[in-house]
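S.K.: coordinates for the following, if possible.
(chains A, B, C, D, E and F)
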Protein chains: 6
Amino acid sequence: MQRPSGRALAQLRSVKITRNYTRHAEGSVLVEFGDTKVLCNASLSSEVPRFLRGQGSGWITAEYGMLPRSTGSRMPREAAKGKQSGRTVEIQRLIGRSLRASVDLKKLGENQITIDCDVIQADGGTRTAAITGACVALVDTLRHMQREKIISEDPLKNMVAAVSVGIYKGEPLLDLDYPEDSAADTDMNLVMAEDGGMIEVQGTAEGEPFSEKQFAQMLGLGKAGISELIGLQKRALEE
Amino acid sequence: MQRPSGRALAQLRSVKITRNYTRHAEGSVLVEFGDTKVLCNASLSSEVPRFLRGQGSGWITAEYGMLPRSTGSRMPREAAKGKQSGRTVEIQRLIGRSLRASVDLKKLGENQITIDCDVIQADGGTRTAAITGACVALVDTLRHMQREKIISEDPLKNMVAAVSVGIYKGEPLLDLDYPEDSAADTDMNLVMAEDGGMIEVQGTAEGEPFSEKQFAQMLGLGKAGISELIGLQKRALEE
Amino acid sequence: MQRPSGRALAQLRSVKITRNYTRHAEGSVLVEFGDTKVLCNASLSSEVPRFLRGQGSGWITAEYGMLPRSTGSRMPREAAKGKQSGRTVEIQRLIGRSLRASVDLKKLGENQITIDCDVIQADGGTRTAAITGACVALVDTLRHMQREKIISEDPLKNMVAAVSVGIYKGEPLLDLDYPEDSAADTDMNLVMAEDGGMIEVQGTAEGEPFSEKQFAQMLGLGKAGISELIGLQKRALEE
Amino acid sequence: MQRPSGRALAQLRSVKITRNYTRHAEGSVLVEFGDTKVLCNASLSSEVPRFLRGQGSGWITAEYGMLPRSTGSRMPREAAKGKQSGRTVEIQRLIGRSLRASVDLKKLGENQITIDCDVIQADGGTRTAAITGACVALVDTLRHMQREKIISEDPLKNMVAAVSVGIYKGEPLLDLDYPEDSAADTDMNLVMAEDGGMIEVQGTAEGEPFSEKQFAQMLGLGKAGISELIGLQKRALEE
Amino acid sequence: MQRPSGRALAQLRSVKITRNYTRHAEGSVLVEFGDTKVLCNASLSSEVPRFLRGQGSGWITAEYGMLPRSTGSRMPREAAKGKQSGRTVEIQRLIGRSLRASVDLKKLGENQITIDCDVIQADGGTRTAAITGACVALVDTLRHMQREKIISEDPLKNMVAAVSVGIYKGEPLLDLDYPEDSAADTDMNLVMAEDGGMIEVQGTAEGEPFSEKQFAQMLGLGKAGISELIGLQKRALEE
Amino acid sequence: MQRPSGRALAQLRSVKITRNYTRHAEGSVLVEFGDTKVLCNASLSSEVPRFLRGQGSGWITAEYGMLPRSTGSRMPREAAKGKQSGRTVEIQRLIGRSLRASVDLKKLGENQITIDCDVIQADGGTRTAAITGACVALVDTLRHMQREKIISEDPLKNMVAAVSVGIYKGEPLLDLDYPEDSAADTDMNLVMAEDGGMIEVQGTAEGEPFSEKQFAQMLGLGKAGISELIGLQKRALEE
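M.R.: Numbering: from 1, shown residues only, chains lettered A, B, ... in the order given. Predicted structure coming up:
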């Protein structure tokens, strides 16, 4: 079988991670998975959510948005409609949870890091690209906090990265682009830590249910992809 | 190890499915998983969403809500706040997707079934109880449509049911109640079809990442639980 | 004349009051007036509205909602529309005012009781059923507060109950169900205290204006009905 | 007893009805009850609400608002808050219902009249002043429709007017101004038709419940006041 | 050339400034530019915006609204739509900025003056009439503050007034009414101080761009008009 | 005098115009004025606003947004707040008006072009950069429409560009960056056409009013800057 993009089944798109993409944010990363481009800006604040005040612990949260014409046809601007869509809310909650799993929140002190993931151009897999880029922006922010003596210890427990996998014509594919995603029977998003621990598994049968065997195949493919992505994150962080 | 509820690791709560619970809806089911009580009312309408108009195919969607005092402390009423929470949106999208996987939408004709899942009393696992009950309300609605000659063929492909599984003190537990859920390290919601096909897998590491082995254990536990739940759905539908 | 429901002109529907219907609320009452079923959950909080802070006096307020398919055809969910309807707002203000009239707010201390009245199934008269049930949930909450030594004196001045009356084909009817309400010329909601004092009188000519004589007839009918309802509340509270 | 305003118990404030107050509206009336000043502008439109389309019948509706500084201390602007208060909604529904009772909607044709009642200055009784003024604006609009041959027959069945009555220190008072209203035990708004028919009765015990005798006294006082107001409306319409 | 209104090119409409128009506000001015009538009510408060707290400086802000039927055809009520239009927001920001330029905010103390400009009847130039009237209401409020010993020094630096100018059939016109405004090629709003200083210049080419020469002509016309308006403001303030 | 940025008084920042910046939009331009970076994406649609339907004429509109961390400290996301700020609304209305002045809307046919201007990084002058970039994206869209035979004639009348000017320590400056803008007494935005015609002039005295002489100086400076910008737009369009 030939996958629509012509890539090998287990082949990631070309991934590019550019740090310091904008100048104001404590961490600013443009992450590109092929034609999918997401800008991840991390902002540090000393105001934590109400339920954490006075407890000496920090928080990490994320917001997600798509520029109206990041997609093939223009989507209405959420700020103009006055409402974030269900999909947006779902994605930003996923990004936030994933990043919190990478950090020891107690070591953050009473600080909050908000990571804005804004899609400049979309071609499938925006949420997994966002998590992968956001983790790098988060590390840059943690380094900033240490440099500025806001914290003394590194709160990072684990790098995290994410990738999508799917079943297309019965075969598992890694890192689906938009045409592949539209044609796939099953869509799974996988978030894993550097040490192989699983953080989020979200598999959805779009049409037919999937079997346990297919599930295991997808898991295997995703694991390998994430390990490759974590290598790319680390290389970017060494530059 | 003793689980907080005193149940065996692989033991469901006492499950009760009451059909025809209210009188107006085409399908009306009160589902109880222990102290979690969700009312699932299915409404039939001949208006499908815009993107389906004129295509001869139907749609199934769901809405979810919690009565303000279904929980230990009162939650603000979403209608009064003017906004559904991110959690509510996430859950109702999950219920809708799960139910659509159980039905051949083409055989529905241009009809929409909306399933309102309202939590009367919450004690953990409201989304999985909701899916399990909603599927019964859906079947009652499909029977109504056949009785009323709105459709001639049964669109049901598969019963679906859902259950939560988690890791507590390193051990996998089935069907967590609220105290168990609060204490668990990992929370997984599983939606499966009658034939064992997987429809949704959503696993989240609350604290520590989970291993593949733990994941496989949870999957096994969930599968057995869902098979038991589908038996209970069928028995209820025979009455 | 035969009324549509077949009841005698001055006959209430079968009324049922079930206490402790759910387990979390300080007072939880399911009230049924025939096929109208309303769940009234009372929640105690130590936060009073801003205008009362520091004044040693308490507050009672109510919120009202209908489950989307509590009615013959599905109503849009107010939480999803992001707005409570004018009718909802009108009803919850009426319930709140009526309950405040039954209690000495000074004796409540700086505590607020919020009573959520959610309509599980509707067949006319949901607001009068709600008031009647909410008063019982309120009493249970006041008893709880005394048991828990939050207050030392009973703040209850008077039980209150409510009923609808109407003019149908020129005759006054008590406690209209939905088909009767739709056909009536005049709709009046009456809230009265145990001692016969009037708390709210809301009469509306749907079509033709009504005469003072009709008004007096409705009042008489309502007064008798409320006295019967207060007997039923008391019996329920003795169980 | 001396009432706070110094008026006799059964004495209306000085009432002034100015027609053609602004120039664009089909009917434009400034109504003054003492220091309470409400501008009532009626707008004619050929678009009726959806539930009436194609049925040959018309509709009358009302909207109500207070200028932010019509009151002693500035109230937040509802347009800026993005929400009408419960009180606003309650009042505009009352005004709409009252006016619809005065007209044969079938004779309106498929036309809608919207009456905007905006409070320029408030001193108690804004809703009853609004109804009284709106009825005059409505008649001017009906005359306009007949002049313009939009309708051939006069749809007016009855003039309607409204007044407040209350119990103050045990005595019934007519047409309460703001200081009287704040001090009263009971507040009742009465809407009646020219022929003495009752359209709306809304009595609320602010503190103590009221007795049937008091209720009858208030009714008597209100009836006389409304009859006087209808005389003033008619005189204004003859000018 | 004859301008549509028959006025001379440099002729203002008949301008009328009525102080103490309503009784509650600290400053209350009805300003009329011909058929354009705007009620400007100033409210004093000791609560300043968050960014000014504790800094000893005051603030002036404005809100703007049009009564729904102030215009030829009824506009939807912004409070009912739940949203102020872009035009409304633009105008109220302009009024606020203009008034702040007239006052030394440090001399206000930590006090805020909110000026509500509500259009009773519109015939073009509502924003310039609003600024002109609001400045008089502001001065009345500053006098009130001095009388009440809230401040000891007069914070007023300069009276401000505003006028519109436009190009119609190639000729510059002063103070356009609605029919002129609709027909004009260019619309310019000018806000100036008593001493001739410019505060706001907003020129917009509706159709064709305008030349620098036309711009200079408009400026000249506007300057003269504003000087005349400031004379009228002063005369009103002497009464 | 030395301006804060070290530039000469009449010197623009380094301006860069990159076409085809993203791949989905009919016109996609990244415009950079120094550190201010705005992405301008033009979307073509055959749906025009309601007031233009069936009239054979087209429409151009714009929307504006800032990424939350495009600025020095993070601004709340407007989509999450559910409301666009007054500043946003003001700016997007200005961009839309400016672009409409550059095109013969009748020659557009019944088509709408929406230009989304999203600020990736802000350093003052985002609205003027947006207009300058949006005009290039607009031209690319008009070329696309001609290539695709959607229109036969070029609707472009004039290129438009915009620049800010200000008074700083008494001297006029061109193209203010953020530190200059914060320190300036007067801020003026100028939109002009290729032929020197003026489209928008918006001058605001931040602190002290400005004189006519200063106004003329700013105008002169702005005119030269815009002529330079139009040269840069044309060069970009030739590539």
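S.K.: next, the buried residues of the biggest helix by length in chain A.
M.R.: Looking across chain A with DSSP state H, the single longest helix is helix A:212-238. Neighbour counts using 16 or more other Cβ atoms under 10 Å in any protein chain shown place A:214-215, A:217-219, A:221-223, A:225-226, A:228-230, A:232-233, A:236-237 of helix A:212-238 among the buried residues. Where you see a C-beta, it was placed from the backbone N, CA and C, and this is true even at glycine.
S.K.: what does stretch A:61-81 give?
M.R.: Neighbour-count burial for stretch A:61-81, counted by 16+ other Cβ under 10 Å, picks out A:61-71, A:74-75, A:77-80.
S.K.: list the ones among these that fall in helices.
M.R.: Reading helices off the buried residues of stretch A:61-81 with DSSP H, I get A:E78, A:A79, A:A80.
S.K.: what sits against the second one?
M.R.: Right, A:A79. F:G65, F:R77, F:E78, F:A79, F:K83, F:Q84, F:T88 (Cβ atoms under 8 Å, 6 or more residues apart in numbering or on different chains).
S.K.: element containing A:M192, please.
M.R.: strand A:186-193 (DSSP states H and E).
S.K.: so what are the sheet partners of that strand and their directions?
M.R.: strand A:160-168 (antiparallel), strand A:198-205 (antiparallel) (DSSP bridges).
S.K.: so how far is chain F from the nearest residue in space to A:N111 that is not next to it in sequence?
M.R.: Leaving aside its sequence neighbours, A:N111 sits nearest to A:G58 (Cβ to Cβ, 6 or more residues apart in numbering or on different chains; 4.7 Å). For A:G58, the distance to chain F equals 16 Å [Cβ to the nearest Cβ, to the nearest Å].
S.K.: give me the pLDDT for A:M188.
M.R.: As predicted, A:M188 sits at a pLDDT of 96.
S.K.: so A:Q11 sits against A:L173, correct?
M.R.: No - using Cβ atoms under 8 Å, A:Q11 is not in contact with A:L173; the gap is 9.1 Å.
S.K.: the more surrounded of those two?
M.R.: More crowded of A:Q11 and A:L173, by other Cβ atoms under 10 Å in any protein chain shown: A:L173, with 28 against 15.
S.K.: my guess is the more buried one contacts A:D181, does it?
M.R.: No - using Cβ under 8 Å, A:L173 makes no contact with A:D181, being 9.4 Å away.
S.K.: who touches both of the two?
M.R.: A:G166.
S.K.: may I have the phi/psi pair for the residue of chain A at minimum distance from chain E?
M.R.: Chain E sits closest to A:G82 of chain A, with a gap of 7.6 Å, by Cβ to the nearest Cβ. For A:G82, the backbone dihedrals (degrees, to the nearest 10) come out as phi 80, psi 20.
S.K.: how near is the closest residue to it other than its chain neighbours to D:E63?
M.R.: Sequence neighbours aside, F:G82 is the residue nearest to A:G82 in space, at 4.6 Å (criterion: Cβ to Cβ, 6+ apart). Distance, F:G82 to D:E63, using Cβ to Cβ, to the nearest Å: 24 Å.
S.K.: ok, A:G124 next?
M.R.: To D:E63, A:G124 is 48 Å away according to Cβ to Cβ.
S.K.: if we can go back for a sec, make a markdown table out of the strands paired with strand A:186-193 and add mean pLDDT.
M.R.: Below are the strands paired with strand A:186-193 laid out as a markdown table (pLDDT from 0 to 100):
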| stretch | mean pLDDT |
| --- | --- |
| strand A:160-168 | 96 |
| strand A:198-205 | 94 |
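S.K.: winner for burial among those?
M.R.: Comparing the strands paired with strand A:186-193 by mean neighbour count (mean count of other Cβ atoms under 10 Å in any protein chain shown), strand A:160-168 ranks first with a mean of 27.
S.K.: quick check: angle from that strand to helix A:212-238?
M.R.: If you take axes from the mean of the first three to the mean of the last three Cα atoms, to 10 degrees, strand A:160-168 sits at 140 degrees to helix A:212-238.
S.K.: past strand A:160-168, which element shows up next along the chain?
M.R.: Once the chain leaves strand A:160-168, the next helix or strand it forms, by DSSP H and E, is strand A:171-174.
S.K.: neighbouring strands - and their directions - for that next one?
M.R.: The sheet places strand A:171-174 alongside strand A:160-168 (antiparallel), with pairing taken from DSSP bridges.
S.K.: dump the strand it pairs with to CSV, keeping only the CA atoms.
M.R.: Extracted as CSV, the C-alpha positions of strand A:160-168 are listed here (Å, rounded to 0.1, in the frame of the first residue of the first chain):
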residue,chain,number,x,y,z
VAL,A,160,7.0,15.1,26.4
ALA,A,161,6.1,14.9,22.8
ALA,A,162,3.0,13.9,20.8
VAL,A,163,2.1,12.4,17.5
SER,A,164,-0.9,11.1,15.7
VAL,A,165,-1.3,7.7,14.3
GLY,A,166,-4.2,6.2,12.3
ILE,A,167,-5.5,3.3,10.4
TYR,A,168,-5.8,3.8,6.6
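S.K.: any idea of the mean pLDDT in stretch A:82-95?
M.R.: Average pLDDT, stretch A:82-95: 93.
S.K.: which of the residues in it are buried?
M.R.: Buried residues in stretch A:82-95 (16+ other Cβ under 10 Å): A:G82, A:K83, A:Q84, A:G86, A:T88, A:V89, A:E90, A:I91, A:Q92, A:R93, A:L94, A:I95.
S.K.: do the same with stretch A:101-121
M.R.: A:101-103, A:105, A:107-109, A:111-121.
S.K.: the residue lying farthest from the centre of chain A and chain D: what is the separation?
M.R.: Most distant from the centre of chain A: A:G54, at 29.9 Å, with distances by Cα atoms, centre = their mean. To chain D, A:G54 is 32 Å away according to Cβ to the nearest Cβ.
S.K.: list the contacts for that residue?
M.R.: A:G54 sits in contact with A:E110, where contact means Cβ under 8 Å, 6+ apart.
S.K.: tell me which of the contacts of A:A79 is nearest to E:V191?
M.R.: F:T88 (22.7 Å; Cβ to Cβ).
S.K.: A:N158 falls within a strand, correct?
M.R.: No - A:N158: not assigned to a strand; according to DSSP: H, G, I helix; E, B strand; the rest coil it is coil.
S.K.: for it, which non-adjacent residue is closest in space?
M.R.: In space, A:N158 is closest to A:A193, 3.9 Å off (Cβ to Cβ, 6+ apart).
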